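Visitor: No sequence on hand, only this structure:
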């Protein structure tokens, strides 16, 4: 009887141990196959820094629509389109107004590793920019001084109001920025960019001082920009 009871206990222990191992194996496999899916979709928004700037500067008007689409886990295709008009005064020598449309196309790479169920970004990006615009030379003051002989003359300002149409500009820009999901599918973002002018069509006998989408054109053909955006993501799928 004792041997029978001992054998029965050993059989029970073996069966229980085998069952536990099988259960643990199934649990491990399920845990290993569990993957968190993140949202892929089209994100659209506006740059709210431009209307703020327009309210502070009567010589400026502009708006910009921003968008991006996620193609891989950390990679987005991105674009911005808009309109700008700005009057620029150059050292009290000339006063001109540039007005036109622009588009920027490129990619963003998200270098931030999100926690579970987060979609924030710390990104670096590249854009190709193109603008079509008109420029009006409002007035200029000719230089009639003779510094070599210490003769300085006061010149009268000449009103011109001469407009040159169908000007264009091409540039590249590098940018860094952040985007934070503040509400479900609602993002607030900020970025700064360094721009390099590749080519610009100038009016005859005058230089383009401002290109829409590029901002002020300096002598080095470089410029800077910034955006402060609010956007909404339209969720298409999860991967």
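Guide: All right, it came through fine. Note that this is a predicted model, so its numbers are computed, not measured.

Visitor: low pLDDT regions in this protein?
Guide: Within the chain, the stretches with pLDDT under 70 are 1-36, 91-92, 140, 142-159.

Visitor: partners of the longest strand anywhere in the chain, with directions?
Guide: Longest strand in the chain by number of residues (criterion: DSSP state E): strand 158-183. Sheet pairing for strand 158-183, assigned by DSSP bridges, gives strand 121-140 (antiparallel), strand 186-200 (antiparallel).

Visitor: Figure out which of these is closest to residue 56.
Guide: strand 186-200 (18.0 Å; C-beta to C-beta). For every residue, glycine as well, the C-beta is placed using N, CA and C.

Visitor: Next, count neighbours for residue 184.
Guide: 10 (other C-beta atoms under 10 Å).

Visitor: for it, phi and psi?
Guide: phi -60, psi 110 (degrees, to the nearest 10).

Visitor: Next one: it from residue 232, what distance?
Guide: Distance of residue 184 to residue 232, given as C-beta to C-beta, to the nearest Å: 10 Å.

Visitor: What segments of the protein are strands?
Guide: Along the chain, counting by DSSP E, strands occupy 39-47, 60-72, 75-90, 94-110, 121-140, 158-183, 186-200, 210-211, 215-216, 222-238.

Visitor: The fourth one: partners in the sheet, and parallel or antiparallel?
Guide: So the one you mean is strand 94-110. strand 75-90 (antiparallel), strand 121-140 (antiparallel).

Visitor: Run the chain-centre distance for the shortest one.
Guide: Right, the one you point to is strand 75-90. How far strand 75-90 lies from its chain's middle: 11 Å, per C-alpha atoms, centre = their mean, to the nearest Å.

Visitor: same question, the last one
Guide: On the basis of C-alpha atoms, centre = their mean, strand 121-140 is displaced by 13 Å from the centre of the chain it belongs to.

Visitor: wait, which of the strands of the chain is closest to residue 53?
Guide: Nearest to residue 53, of the strands of the chain and by C-beta to C-beta, is strand 60-72 at 5.7 Å.

Visitor: TSV please, covering the strands paired with strand 94-110 and showing distance to residue 227 and mean neighbour count.
Guide: Output for the strands paired with strand 94-110, formatted as TSV (distance: least, C-beta to C-beta, whole Å; neighbours: other C-beta atoms under 10 Å):
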stretch	distance to residue 227	mean neighbour count
strand 75-90	8	17
strand 121-140	11	19
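
Visitor: could you list every residue that touches residue 65?
Guide: Residues near residue 65 by C-beta atoms under 8 Å, 6 or more residues apart in numbering: 44, 45, 46, 47, 80, 81, 82.

Visitor: ok, now how distant is it from residue 50?
Guide: 10 Å.

Visitor: Mutual contacts of the two, please.
Guide: Shared contacts of residue 65 and residue 50, defined by C-beta under 8 Å, 6+ apart, are found at residue 82.

Visitor: quick revisit: show me the one of the strands paired with strand 94-110 that comes nearest residue 165.
Guide: It is, among these and with distance given as C-beta to C-beta, strand 121-140, at 4.7 Å.

Visitor: returning to what we had before: among the strands paired with strand 94-110, which comes closest to residue 55?
Guide: Short answer: strand 75-90, nearest of the strands paired with strand 94-110 by C-beta to C-beta, at 14.3 Å.

Visitor: tilt between that closest one and strand 222-238?
Guide: 150 degrees (axes from the mean of the first three to the mean of the last three C-alpha atoms, to 10 degrees).
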